[in-house]
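*Asks:* below is the structure, and that's it, no one-letter string:
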């Protein structure tokens with residue numbers, strides 16, 4: 001992953017330069033200089049001045065016996081975590097006396113470290129910001145701290161009285177089957193449909209599209225419409241310039257796997273209805289019975305090699321080759337992350353919203369903004385494939401969450417837990433959102449400060465305020481061993497990109513390799529029990545997933561963006 005850069009809304013220099021003058025707010029000796037200083041700096045905040053003072057004073061008081069401890073923590077390399085490392089760690093140390101070494105590294109390295117620590121007891125860090133994609137591993141191995149139990153028992157005195165768990169947007173992503181909190185959200189970002197609203201609403205472009213395709217240009221609701229729009233823009237010059245109707249990435253690397261395990265199959269309609277991930281077949285195509293994975297192949301009742309999964313891969317390959325820039329085959333997720341900001345892309349079906357914090361999407365000189373920096377682009381739900389049914393998962397949210405290995409005990413655990421809470425505290429969360437664009441709290445996205453600036457986020461705030469966002473979830477609790485299983489995807493999909501294997505061969509290989517890997521696992525809880533195959537014909541004639549082939553393409557459907565916003569706002 002490539003480090004993103006700071007959102008221009010609140011430059012970092014403002015935080016540093018504003019440390020002078022905080023005394024004018026309160027000269028009461030009840031609060032220390034460090035508490036008053038940082039309460040002043042953490043503005044804007046959803047907390048009032050006095051609430052900030054009280055929360056930060058609590059951190060100062062509760063850590064008195066922990067001064068001098070060093071917490072080693074780690075997170076993946078996105079801007080949110082760079083800010084934690086370079087800025088919040090300084091604030092935390094000044095207030096608590098606890099030093100934090102917050103190492104930023106690629107996600108693949110982080111996953112390797114946490115797996116080595118929880119499996120082999122080799123110490124690397126006291127606490128990790130680890131994606132909840134690994135919740136299925138953690139709940140089965142029982143090797144990370146049960147935060148619910150910790151908060152109720154020995155960790156109660158170190159639990160922020162202002163933490164307010166009900167204020168978290170998607171707390172359930174870090175919970176096991178019994179709703180125990182194993183991971184506490186630190187940041188999250190969704191994948192959504194991104195498009196050039198200015199082009200989609202231009203009368204001449206709209207008329208040209210309708211003349212060619214017979215329906216209105218708008219936000220595509222299904223893949224048929226997305227494909228038409230991609231074809232249209234690839235064959236249309238906008239103001240004399242060549243543009244693209246689609247962008248993606250295809251370089252062999254772990255991020256190619258994320259392209260698929262981050263809900264591409266769910267968007268195509270591979271699994272069953274049911275939030276968060278589909279039941280009994282989830283968005284990886286894994287069938288579970290009583291929380292136990294029983295198979296990925298169609299013959300075992302799974303869907304990783306089903307007609308719907310093969311269709312998903314075929315569409316990815318077709319669009320990558322026909323509508324995306326030729327160099328996209330050599331991009332990773334980081335290369336494609338800000339590519340749409342260059343001004344020659346009409347739409348993207350699968351935009352990780354963390355990249356939208358980059359100044360290239362906001363600066364007045366950008367080709368995708370007006371002269372005042374207002375976005376010419378908008379965000380909407382990604383369209384669905386032809387196998388998708390209402391009630392199914394709609395997309396993916398990355399939810400990086402604080403995770404403490406069980407081997408971290410005593411004062412080290414307490415200090416690490418305080419650091420995690422500080423980074424998601426109400427005093428801090430709004431400021432952190434302005435930097436990284438990765439919210440975790442309702443109070444952040446519903447704040448008056450953000451309400452006044454909603455238009456600058458191109459629909460992202462409306463999305464997070466809607467009930468719909470609950471249909472965007474991380475990888476399933478049913479994925480029993482994420483670190484190894486996720487590796488199977490990108491290596492095999494790369495073979496299809498190269499033309500070495502067909503989509504049918506690729507998805508069959510992934511499904512069989514998943515089942516083979518799961519059959520070898522011997523986990524303490526809900527360990528996979530791979531069933532004998534009953535044959536594809538048997539399962540394709542049952543209700544639900546795996547689903548038989550649909551040969552016809554559905555009619556394309558679009559909707560106006562204004563109607564979509566009204567739906568998000570529950571006005572329809």
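*Replies:* Sure thing, it's come through. Bear in mind the structure is a predicted one, so any value in this text is a computation, not a measurement.
*Asks:* residue ranges for the helices of the stretch 1-150 of the chain, please.
*Replies:* Assigned by DSSP state H, counting those that start in this stretch, the helices in the stretch 1-150 of the chain fall at 12-17, 33-41, 49-62, 79-83, 89-96, 107-120, 135-141, 147-152.
*Asks:* ok, residue 211 to residue 204 distance?
*Replies:* Distance of residue 211 to residue 204, computed by CB to CB, to the nearest Å: 11 Å. Quick note: C-beta positions are derived from backbone N, CA and C, even for glycine.
*Asks:* same question, residue 325
*Replies:* Taken as CB to CB, the span from residue 325 to residue 204 is 25 Å.
*Asks:* which of the two has more neighbours?
*Replies:* Each of residue 325 and residue 204 has its neighbours counted (other CB atoms under 10 Å); residue 325 has more, 19 against 8.
*Asks:* ok, residue 165 - how many residues close by?
*Replies:* Quick note: residue 165 (other CB under 10 Å) scores 12 neighbours.
*Asks:* got the phi and psi for it?
*Replies:* phi -60, psi -30 (degrees, to the nearest 10).
*Asks:* over to residue 335?
*Replies:* Dihedral angles (degrees, to the nearest 10) for residue 335: phi -70, psi -40.
*Asks:* residue contacts, residue 247?
*Replies:* If you count contacts by CB atoms under 8 Å, 6 or more residues apart in numbering, residue 247 has them with 324-325, 328, 336, 339-340, 345, 348.
*Asks:* in ChimeraX, how would I select the buried members of these?
*Replies:* In ChimeraX, this line selects whichever of the contacts of residue 247 come out buried by 16 or more other CB atoms under 10 Å:
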select :324,325,328,336,339,340,345,348
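*Asks:* which of the contacts of residue 247 fall in helices?
*Replies:* Using DSSP state H, the members of those that fall within helices are residue 336.
*Asks:* which one of the contacts of residue 247 is nearest residue 252?
*Replies:* Each of the contacts of residue 247 was scored against residue 252 by CB to CB, and residue 328 proved nearest at 13.3 Å.
*Asks:* ok, the closest one touching residue 248?
*Replies:* Yes. Assessed by CB atoms under 8 Å, residue 328 is found in contact with residue 248 at 5.5 Å.
*Asks:* where do the contact lists of the two overlap?
*Replies:* Residues touching both residue 328 and residue 248 by CB under 8 Å, 6+ apart: 320, 336.
*Asks:* what is the burial count for residue 211?
*Replies:* 8.
*Asks:* am I right that it sits in a helix?
*Replies:* Yes. The assignment for residue 211 is a helix, going by DSSP: H, G, I helix; E, B strand; the rest coil.
*Asks:* from residue 459, how far off is it?
*Replies:* As judged by CB to CB, residue 211 and residue 459 stand 28 Å apart.
*Asks:* then residue 118?
*Replies:* With distances taken as CB to CB, residue 118 is found 39 Å from residue 459.
*Asks:* which one of the two has more residues nearby?
*Replies:* Shown here are residue 118 and residue 459; by other CB under 10 Å, residue 459 has more neighbours (25 against 21).
*Asks:* need phi/psi at that one.
*Replies:* Backbone torsions of residue 459, given as degrees, to the nearest 10, read phi 110, psi -10.
*Asks:* with residue 106 instead?
*Replies:* Per-residue torsions, residue 106: phi -60, psi 150 (degrees, to the nearest 10).
*Asks:* tell me the pLDDT at it?
*Replies:* Per-residue pLDDT puts residue 106 at 92.
*Asks:* that one and residue 77 touch, don't they?
*Replies:* Yes. With contact defined as CB under 8 Å, residue 106 reaches residue 77; the gap is 6.0 Å.
*Asks:* which one of those two has more residues nearby?
*Replies:* Between residue 106 and residue 77, counted using other CB under 10 Å, the more crowded position is residue 77 (19 against 15).
*Asks:* residue ranges with poor pLDDT in the stretch 1-150 of the chain?
*Replies:* 1-29 (pLDDT under 70).
*Asks:* oops, could you answer that again for the chain instead?
*Replies:* 1-29, 571-572.
*Asks:* the residue nearest to the spatial centre of the chain - nearest residue in space that isn't next to it in sequence?
*Replies:* Residue closest to the average C-alpha location in the chain (CA atoms, centre = their mean): residue 398, at 1.9 Å. Leaving out its chain neighbours, the residue that sits closest to residue 398 by CB to CB, 6 or more residues apart in numbering is residue 189, at 5.3 Å.
*Asks:* wasn't the one you found part of a strand?
*Replies:* Yes. Under three-state DSSP, residue 189 falls within a strand.
*Asks:* separation between it and residue 302?
*Replies:* Here residue 189 is placed at a distance of 29 Å from residue 302 (CB to CB).
*Asks:* so for the two, which sits in the more crowded spot?
*Replies:* Here residue 189 and residue 302 are compared on neighbour count by other CB under 10 Å; more neighbours surround residue 302, at 32 against 25.
*Asks:* and the helix or strand in which residue 562 is found, what does it pack onto?
*Replies:* Residue 562 is part of helix 561-568 when elements are defined by DSSP states H and E. Here helix 561-568 touches strand 377-380, helix 460-465, going by 3 or more CB pairs under 8 Å, 6 or more residues apart in numbering; DSSP states H and E.
*Asks:* 10 Å instead, please
*Replies:* strand 219-220, strand 377-380, helix 460-465 (3 or more CB pairs under 10 Å, 6 or more residues apart in numbering; DSSP states H and E).
*Asks:* off-centre distance for that helix?
*Replies:* 23 Å (CA atoms, centre = their mean, to the nearest Å).
*Asks:* how about residues contacting that helix?
*Replies:* Contacts with helix 561-568, where a contact means CB atoms under 10 Å, 6 or more residues apart in numbering, come from 193, 195, 197, 200-201, 218-219, 221, 378-381, 459, 461-469, 559-560, 571-572.
*Asks:* could you give me the ChimeraX syntax to select whichever of the residues you listed are buried?
*Replies:* Only the buried entries of those go into this ChimeraX selection, using 16+ other CB under 10 Å:
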select :193,195,197,200,201,218,219,221,378,379,380,381,459,461,462,463,464,465,466,468,469,559
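*Asks:* all strands of the stretch 451-572 of the chain, in order?
*Replies:* Along the stretch 451-572 of the chain, counting by DSSP state E, counting those that start in this stretch, strands occupy 472-473, 558-559.
*Asks:* how far away is the residue nearest to residue 340 when sequence neighbours are not counted from residue 249?
*Replies:* In this structure, residue 340 finds its nearest non-sequential neighbour in residue 348, 5.4 Å apart by CB to CB, 6+ apart. According to CB to CB, residue 348 and residue 249 sit 11 Å apart.
*Asks:* quick one, helices of the stretch 251-400 of the chain?
*Replies:* Ranges of helices in the stretch 251-400 of the chain, per DSSP H, counting those that start in this stretch, are 254-261, 264-268, 307-322, 333-337.
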